[in-house]
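make a model of this:
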Amino acid sequence: MRICWSDTETYSEVPITNGTHAYAEKAEVMLWAFAIDDDPVEVWDLTAGSPMPVLLTFALADPGCVFVFHNSHFDRTVLRHCGFDIPAHRVNDTMVKALAHSLPGELYKLCEIFDISVDKAKDKDGRRLVLLFCKPRPAKSNPRRATRATHPAEWAKFVEYARLDVEAMRAVDAKLPTWNCSSSERALWELDQAINDRGFAVDVELARAAIATVQVEQARLADRTQALTGGDVQAATQRDEMLRHITRAYGVALPNMQQSTLERRINDPDLPAALRELLAIRLQASTTSTAKYQTLLRAVSKDARLRGTLQFCGAGRTGRWAGRLFQAQNMSRPTMPSEDIACGIDAVKAGCADLLFDLLLQLLSNCLRGVIVAPPGRKLVCADLANIEGRGLAWLAGEQWKLQAFRDYDAGEGPDLYKMAYAKSFGVPPDEVAKDQRQIGKVQELALGYEGGVGAFVTFAAAYGIDLDAMAEQAFSAIPADILDEARSALEWTKRTDRQTFGLSDLAWMVCDAFKRAWRYGHPATASFWRDLQDAARIAVQNPGRAFDCRRVSLRRDGAWLRVRLPSGRYLCYPGVRLGEGNKLSYMGVNQYTRQWSRLDTYGGKLAENITQAVARDVLADNMPRVEAAGYRIVLSVHDELITEAPDTPEFNAAHLSALMATPPAWAEDLPLAAEGFEAARYRK
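Residues are numbered from 1 along each chain as shown. Sure, this is the predicted structure:
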């Protein structure tokens with residue numbers, strides 16, 4: 001097998017921030033740097049009018065020649081638009097290879113990690129040259145575009161920069177591990193590329209109407225903010241000015257402008273009505289999800305489909321997909337009934353939403369999922385794996401009573417597990433648990449399964465809109481006395497040691513802590529799984545080259561890496577693993593807050609979370625080819641949900657798709673799975 005290491009330098013009037021596919025529609029390839037196997041790098045300058053080099057011609061014509069790019073989806077897409085169609089099955093991607101092993105995707109960061117010598121001055125100058133040649137110059141510049149003719153000296157350096165990138169990519173590839181380069185992962189990546197190339201249909205009319213509505217409503221809210229503040233604050237989005245005005249005018253010192261803080265204060269009957277209105281305006285004006293409409297319109301292709309919205313193995317350690325551009329993975333949860341949202345979409349498109357709804361920005365946030373639609377003659381069929389993390393964690397830990405509870409529920413013979421969690425905490429029968437109460441049970445399961453405590457409970461409660469004070473008052477009397485005593489002692493210790501109480505009342509803190517203790521007592525196999533994982537990881541780090549089993553996974557240190565072999569055969573990778581002071585386990589990774597490559601601590605519960613989410617990903621991935629083969633064209637995945645397009649005929653339906661998705665993999669035949677979904681012309685939650 002021959003390898004053609006490749007990199008392109010391109011130009012487009014469309015900003016790359018609009019997404020690969022929008023960019024590619026007006027792109028041209030200026031330079032194509034390539035090297036065959038270990039040969040020296042050549043650079044084909046397409047702007048010089050010279051013919052394609054013979055070696056590159058032969059490589060394209062040879063079906064056995066594999067092209068290697070770094071971020072191949074970009075190069076492959078631009079090349080296709082420029083007349084060079086290289087199918088995904090002939091492509092390898094060093095960025096994807098890095099991401100699959102929990103390394104950053106940026107080439108320069110990989111060079112730093114692997115200590116690959118790259119001339120820093122050339123690299124810095126290369127970035128300057130990219131800005132010069134690969135995008136339009138500022139509007140008043142003359143000439144408007146820099147070329148080899150206008151800047152010949154800089155162009156010569158640009159050609160050398162292109163050569164340097166291929167050399168760096170080839171050196172990085174030699175250093176990257178190959179543990180997760182199996183044939184099954186390879187096939188999955190090719191399917192991922194087909195899904196990204198396919199994209200999903202967009203209701204462009206709704207997006208445009210939503211943007212117009214946002215502009216009018218933001219202006220109205222700004223006018224009202226100025227009236228309420230006497231001109232001190234020009235717009236409710238001005239956080240610092242708003243905080244200063246509230247302190248000065250009302251003597252109220254707010255710690256921040258976070259949603260949870262504002263919602264608590266709005267409900268304070270002692271606040272002046274004008275201040276409550278001001279806080280409500282701030283809540284509306286800071287709804288960020290409405291910005292997705294702008295992103296969508298900038299990125300959508302000419303055929304009204306949005307492409308390139310998924311990154312294979314983009315979600316760090318677990319191998320899950322990450323969102324790009326539209327970021328479907330972090331859309332806000334609906335706060336309105338589905339029938340109101342459907343009515344709102346029609347009203348927004350008709351330009352009369354203000355006649356039917358008071359909180360227009362909240363409405364538009366709720367309508368966002370609705371921009372994903374079925375094309376003519378087809379329908380959306382969607383399904384979501386039900387509580388896959390709860391099932392996966394119980395299966396990994398061997399929590400047999402819970403696995404049986406899932407089986408009973410799936411057979412229609414037992415209660416919903418979220419209702420059961422609530423019922424145990426509040427001393428009520430599961431069949432009396434209402435929908436909003438079930439959400440509290442869901443928060444318990446999500447927050448506490450990975451060794452989380454009060455802090456984790458507060459975080460999830462905020463995401464699901466749960467009033468912790470009201471919850472605590474309702475639950476307090478149902479908590480066993482011994483557990484409540486433990487929680488009370490824990491609160492006293494927390495205060496005595498000046499640890500964080502997350503702004504909770506004593507009652508709310510104790511109830512959250514009591515929930516944590518009751519959950520752990522009720523899940524002995526899971527609680528011991530956290531400890532066993534941590535112990536196995538430490539022992540593995542201290543004994544390189546030996547594998548140590550922990551229930552259904554195996555841990556082994558190889559060089560600087562800790563590897564966790566998953567039931568599917570895939571590996572979770574922890575580079576730069578180390579035991580520090582106090583036997584604390586750490587590794588190198590991308591800090592989720594700073595986005596920098598840095599040392600991160602971990603522990604048993606966090607390892608359990610990584611492993612469980614990786615298993616959930618592998619379950620979804622295992623069934624994706626089966627879904628495609630059955631005629632459901634996958635257009636998007638959102639966490640554990642698949643959104644597909646199918647013929648608008650009865651044989652394609654949500655029950656069938658759910659059955660396909662809930663098929664246990666060969667490596668997890670005893671894992672109880674379930675899925676549920678819907679059919680619609682427009683996507684919804």
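
off-centre distance for the helix or strand residue 626 falls within?
Using DSSP states H and E, residue 626 maps to helix 604-629. Using Cα atoms, centre = their mean, to the nearest Å, the distance from the centre of helix 604-629 to the centre of the chain it belongs to is 14 Å.

mean confidence (pLDDT) on it, please.
For helix 604-629, mean pLDDT rounds to 98.

buried set for that helix?
604-624, 627-628 (16 or more other Cβ atoms under 10 Å). (C-beta placed from N, C-alpha, C; glycine too.)

ok and the helix or strand just after it relative to helix 604-629, angle-wise?
Toward the C-terminus, helix 604-629 is succeeded by strand 633-638 as the next helix or strand (DSSP H and E). Interaxial angle, strand 633-638 versus helix 604-629 (axes from the mean of the first three to the mean of the last three Cα atoms, to 10 degrees): 170 degrees.

so what's residue 241 up against?
232-234 (Cβ atoms under 8 Å, 6 or more residues apart in numbering).

apologies, that question was intended for residue 439.
Taking Cβ under 8 Å, 6+ apart, we find residue 439 in contact with 418, 464-466.

same thing with residue 378?
Contact analysis of residue 378 by Cβ under 8 Å, 6+ apart lists 645-648.

likewise for residue 20?
73-74, 77-78, 307-308.

just the residues you listed now: which is nearest residue 251?
residue 308 (50.8 Å; Cβ to Cβ).

using the three-state scheme, assign the closest one.
When classified by DSSP: H, G, I helix; E, B strand; the rest coil, residue 308 comes out as coil.

and it, how far from residue 204?
17 Å (Cβ to Cβ, to the nearest Å).

between the two, which is the more surrounded one?
Using other Cβ atoms under 10 Å as the criterion, residue 308 and residue 204 rank with residue 308 on top: 24 against 15.

ok, the more buried one touching residue 198?
No: the pair residue 308 and residue 198 fails to qualify as a contact (Cβ atoms under 8 Å) at a distance of 10.3 Å.

now the helices for the stretch 501-650 of the chain?
Using DSSP state H, counting those that start in this stretch, the helices assigned to the stretch 501-650 of the chain run over residues 506-522, 524-542, 604-629.

which of the ones you listed sits closest to residue 342?
Nearest of the helices of the stretch 501-650 of the chain to residue 342, taken as Cβ to Cβ: helix 604-629 at 26.7 Å.

got the angle for that closest one vs helix 524-542?
Following the same axes, to 10 degrees, one obtains 100 degrees for the angle between helix 604-629 and helix 524-542.

dump the residue contacts of residue 563.
Residue 563 touches 179, 555-557, 571-574, counting by Cβ under 8 Å, 6+ apart.

among those, who's most crowded?
residue 574 (28 neighbours).

buried by neighbour count: which residues of the host helix or strand of residue 222 qualify?
Per DSSP H and E: residue 222 is located in helix 204-229. For helix 204-229, burial by neighbour count (16+ other Cβ under 10 Å) applies to 206-207, 209-211, 213-214, 217-218, 221-222, 225, 228-229.

for the stretch 251-400 of the chain, give me the ranges with low pLDDT.
Along the stretch 251-400 of the chain, segments meeting pLDDT under 70 span 288.

farthest pair in the contacts of residue 439?
Once Cβ to Cβ is applied, the contacts of residue 439 give 418 and 465 as the farthest pair, at 15.4 Å.

so for those two, which sits in the more crowded spot?
Comparing residue 418 with residue 465 by other Cβ under 10 Å, the one with more neighbours is residue 418, at 22 against 13.

ok, residues contacting the strand or helix carrying the more buried one?
Following DSSP H and E, one finds residue 418 within helix 417-426. Residues from elsewhere that reach helix 417-426 (Cβ under 8 Å, 6+ apart): 387, 390, 402, 405-406, 409, 415, 428-433, 437-442, 444-445, 474-475, 478-479, 515, 518-519, 522.

ChimeraX command to pick out the buried ones of those residues?
Buried residues among those (16+ other Cβ under 10 Å), as a ChimeraX selection:
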select :387,390,402,405,406,409,415,428,430,433,437,438,439,440,441,442,444,445,474,475,479,515,518,519
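
want to throw the contacts of residue 20 into JSON lines with distance to residue 39?
What follows is the contacts of residue 20, written out as JSON lines (distance: Cβ to Cβ, whole Å):
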{"residue": "73", "distance to residue 39": "26"}
{"residue": "74", "distance to residue 39": "24"}
{"residue": "77", "distance to residue 39": "26"}
{"residue": "78", "distance to residue 39": "24"}
{"residue": "307", "distance to residue 39": "34"}
{"residue": "308", "distance to residue 39": "32"}
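
so of those residues, which two are at opposite extremes in space?
Maximum distance among the contacts of residue 20 (Cβ to Cβ): 12.8 Å, for 78 and 307.

give me the neighbour count for residue 294.
13.

distance of it relative to residue 28?
26 Å.

on that earlier part again, TSV for the contacts of residue 241, including neighbour count and secondary structure?
Formatted as TSV, the contacts of residue 241 follow (neighbours: other Cβ atoms under 10 Å; DSSP: H, G, I helix; E, B strand; the rest coil):
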residue	neighbour count	secondary structure
232	16	coil
233	24	coil
234	13	coil
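
the helix or strand residue 404 falls within packs against which elements?
Applying DSSP H and E as the criterion places residue 404 in helix 400-410. Helix 400-410 sits against helix 388-397, helix 417-426, with contacts defined as 3 or more Cβ pairs under 8 Å, 6 or more residues apart in numbering; DSSP states H and E.

if you set the cut-off to 10 Å instead, what comes out?
In this structure, helix 400-410 packs against helix 388-397, helix 417-426, helix 524-542, with contacts taken as 3 or more Cβ pairs under 10 Å, 6 or more residues apart in numbering; DSSP states H and E.

return the most buried member of those helices.
helix 388-397 (a mean of 24; mean count of other Cβ atoms under 10 Å).

residue 110: how many residues sit nearby?
Other residues close to residue 110 by other Cβ under 10 Å number 25.

ok, the residue lying closest to it once chain neighbours are set aside - contacts?
Excluding the flanking residues, the one nearest residue 110 by Cβ to Cβ, 6 or more residues apart in numbering is residue 172, at 4.7 Å. The neighbourhood of residue 172, defined by Cβ atoms under 10 Å, 6 or more residues apart in numbering, consists of 70, 94-95, 97-98, 103, 107-111, 113-114, 116.

check what pLDDT residue 172 gets.
For residue 172, the model assigns a pLDDT of 95.

and the gap between it and residue 1?
Per Cβ to Cβ, residue 172 is found 19 Å from residue 1.

now do the phi/psi pair for residue 26.
phi -120, psi 20 (degrees, to the nearest 10).

contacts only, for it.
Going by Cβ under 10 Å, 6+ apart, the list of residues near residue 26 reads 11-14, 81.
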